[in-house]
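[1] Pasting a predicted model and its sequence here:
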Amino acid sequence: MISVSQLPFSFVMIIILNVLTVKIWALQNLSYSRKPFTIHHEALLYIMSFPFGKLLIIGVGTLICVSCAIPTVRPPQPSAVPVDSQEKIIEIDKSQIQTPSEPIPSAPTNVAVIDRLQPATPPLVVAWLPASLLSLHNTPVVPGGIAWITLPAHSEIPPKIMYQKRRVLVLRQEQGWVALVGIPLSAKAGQHSVVDQQTGEDYSFWVENKKYKTQRLRIKNKRKVTPNRQDLQRIQRERKQILTALKTPWQITSTSPLPLMQPVKGRYSSPYGLRRYFNGQRRSPHRGLDIAAPLGTPVIAAAAGKVVLTGHYFFTGKTVFIDHGQGVVTLYGHLNSIVVDSEQIVKKGQIIGTVGKTGRATGPHLHWGVSLNNTMIDPMLVRLSVANIIAK
């Protein structure tokens, strides 16, 4: 059975209209002597007494049916979502929805995927050649010196130049590049070369022979000349630490790590490259610059960088190692005190310690070493003038 509530409203109205029409026709055929049953009967008979009264009632009923059957038209409401992207809203009976046993994965966001596939390009870091280093172009290439190699500009990215399997410092100059190669004190005279790891091209240069002076020193502590067994074990352990500090991971810099400030003002007591004899016994050549200064004189960082190692060692005493980036590391030995720690970032000219005579030393002085591409070179080649030293 279909209930009245399930029938369309217009269909119900038509049935009511037909019943009303039949009822009016029956009332017209009744005797007027009989009294109508209700007041609305009299109203209907009164309307029917006029010409076209029946048609009037039928027309009004039809209009009511039509107005009820036609849905109300509402003006469109403004929406923040574009018309093309709007979706139809469907009424869903939530009681008929079955919850799945496993959660349905949500669709990935396209924007997030694009961001992961296309990372932001890091800015290009280029260090330019300072004017103070132009003198190296005409400096003879010798053991313990620096080779100047002009490179073509294949790209805007600094080329990766290798010498004896060690990466070397490369700086930008005008439309090309310049490689500054540290030459070991033990290098043989003759032709040497570097290689561009990206292009495979070789660039040759010539190393000239140089004879360094001889220095003879007397040391009271004989163990500093002829170490005993325990000293040798200590020296081996410390050598590994020092070699690791000098061979720090390559760090690109936006400015050239060279030239360097002289760490302390004083007399050059022992230059680089001396062939040394201690108590008449030949020992390793001098791979640094000794600067004599009063005990306790402040020692400053030759350039900005990161302290990679501090300690008290058998030969160099209290020592600080600072990494300045792009293969440049400085060493400060025989200190009386150290006021910085490992991993500390230091500024150019910052005090790192004081002059002393710890380790194998005959008097208070600073042993200043400079490593370029893990090669100890002559510090005099890359130092600024004494007038630039900041007195503390």
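    Perfect, thanks for sending it. This is a predicted model, so every value here is computed, not measured.

[2] Please make it C-alpha for all contacts and neighbour counts, starting now.
    Noted.

[3] In terms of helix, strand or coil, where does Val307 fall?
    strand (DSSP: H, G, I helix; E, B strand; the rest coil).

[4] For it, give me the pLDDT.
    With respect to pLDDT, Val307 scores 98.

[5] Count the neighbours of it for me.
    23 (other CA atoms under 10 Å).

[6] Which residue, other than its chain neighbours, is closest to it?
    Closest residue in space to Val307, ignoring its immediate chain neighbours: Ile322 at 4.3 Å, by CA to CA, 6 or more residues apart in numbering.

[7] burial of that neighbour, as a residue count?
    30.

[8] Could you do Ser193 as well?
    Ser193: 13 neighbours (other CA under 10 Å).

[9] distance of it from Ala153?
    With distances taken as CA to CA, to the nearest Å, Ser193 is found 18 Å from Ala153.

[10] How about Val170?
    Taken as CA to CA, the span from Val170 to Ala153 is 12 Å.

[11] any common contacting residues for these two?
    Any residue near both Val170 and Ala153 by CA atoms under 8 Å, 6 or more residues apart in numbering counts here, and that gives Trp177.

[12] So the two - more neighbours on which side?
    Val170 (25 against 16).

[13] Just confirm the more buried one is within a helix.
    No. Applying three-state DSSP, one finds Val170 to be strand, outside a helix.

[14] where's the closest residue to it other than its chain neighbours, which helix or strand?
    In space, and not counting its chain neighbours, Val170 is closest to Ala179: 4.4 Å by CA to CA, 6+ apart. Secondary structure assignment for Ala179, by DSSP states H and E: strand 176-182.

[15] other SSEs contacting the helix or strand that comes right after that strand?
    Using DSSP H and E, the helix or strand that follows strand 176-182 towards the C-terminus is strand 190-196. Where contact means 3 or more CA pairs under 8 Å, 6 or more residues apart in numbering; DSSP states H and E, strand 190-196 is packed against strand 161-163, strand 202-207.

[16] Present those strands as JSON lines; the columns should include mean pLDDT, mean neighbour count and distance to Gly327.
    Formatted as JSON lines, these follow (pLDDT from 0 to 100; neighbours: other CA atoms under 10 Å; distance: least, CA to CA, whole Å):
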{"stretch": "strand 161-163", "mean pLDDT": "97", "mean neighbour count": "20", "distance to Gly327": "12"}
{"stretch": "strand 202-207", "mean pLDDT": "97", "mean neighbour count": "14", "distance to Gly327": "20"}
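
[17] Using CSV, please lay out the ones you listed together with distance to Met380.
    CSV is the format used below for the helices and strands packed on strand 190-196 (distance: least, CA to CA, whole Å):
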stretch, distance to Met380
strand 161-163, 22
strand 202-207, 19
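
[18] Just the buried positions in the longest strand anywhere in the chain, please.
    Once the chain is assigned using DSSP state E, the strand that runs over the most residues is strand 328-338. By 16 or more other CA atoms under 10 Å, the buried positions in strand 328-338 come out as Val328, Val329, Thr330, Leu331, Tyr332, Gly333, His334, Leu335, Asn336, Ser337, Ile338.

[19] and the angle from it to strand 176-182?
    50 degrees (axes from the mean of the first three to the mean of the last three CA atoms, to 10 degrees).

[20] ok, strand 328-338: who's next to it in the sheet?
    Strands that pair with strand 328-338, judged by DSSP bridges, come out as strand 317-325 (antiparallel), strand 351-355 (antiparallel), strand 365-372 (antiparallel).

[21] Below-threshold pLDDT in the stretch 51-200 of the chain: ranges please.
    51-123 (pLDDT under 70).

[22] And the strands in it?
    Ranges of strands within the stretch 51-200 of the chain are 146-151, 161-163, 166-167, 169-173, 176-182, 190-196, based on DSSP state E, counting those that start in this stretch.

[23] thinking again about what came up before, what about dumping the CA coordinates of the longest strand of the chain to CSV?
    As requested, the backbone C-alpha atoms of strand 328-338 are provided in CSV (Å, rounded to 0.1, in the frame of the first residue of the first chain):
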residue,chain,number,x,y,z
VAL,A,328,94.3,26.6,4.4
VAL,A,329,95.3,25.7,8.0
THR,A,330,97.5,27.7,10.4
LEU,A,331,99.5,26.4,13.3
TYR,A,332,100.6,28.4,16.4
GLY,A,333,103.3,26.6,18.5
HIS,A,334,105.3,26.9,21.8
LEU,A,335,102.5,29.0,23.4
ASN,A,336,102.5,29.8,27.1
SER,A,337,98.7,29.8,27.3
ILE,A,338,95.7,28.9,25.1
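
[24] what's the helix or strand following it in contact with?
    Once strand 328-338 ends, the next helix or strand along the chain (criterion: DSSP H and E) is strand 345-346. Identification of contacts with strand 345-346 by CA under 8 Å, 6+ apart yields Ala301, Ala304, Gly305, Lys306, Val307.

[25] Mind pulling the model confidence for the first one?
    Predicted confidence (pLDDT) for Ala301: 98.

[26] I'd like to know how far it sits from Ile345.
    Ala301 is 11 Å from Ile345, where distance means CA to CA.

[27] who's more crowded, the two?
    Higher neighbour count among Ala301 and Ile345: Ala301, with 26 against 14, using other CA under 10 Å.

[28] check contacts around that one.
    Counted by CA under 8 Å, 6+ apart, Ala301 has contacts Met261, Pro263, Ile322, Val346, Lys347, Lys348, Gly349, Gln350, Ile351, Ile352.

[29] Show me just the buried residues among these.
    For these, buried by 16+ other CA under 10 Å: Met261, Pro263, Ile322, Val346, Lys348, Gly349, Gln350, Ile351, Ile352.

[30] Okay, domains of this protein per the record?
    Domain ranges of the chain: 7-66, 131-207, 214-388, per automatic domain parsing.
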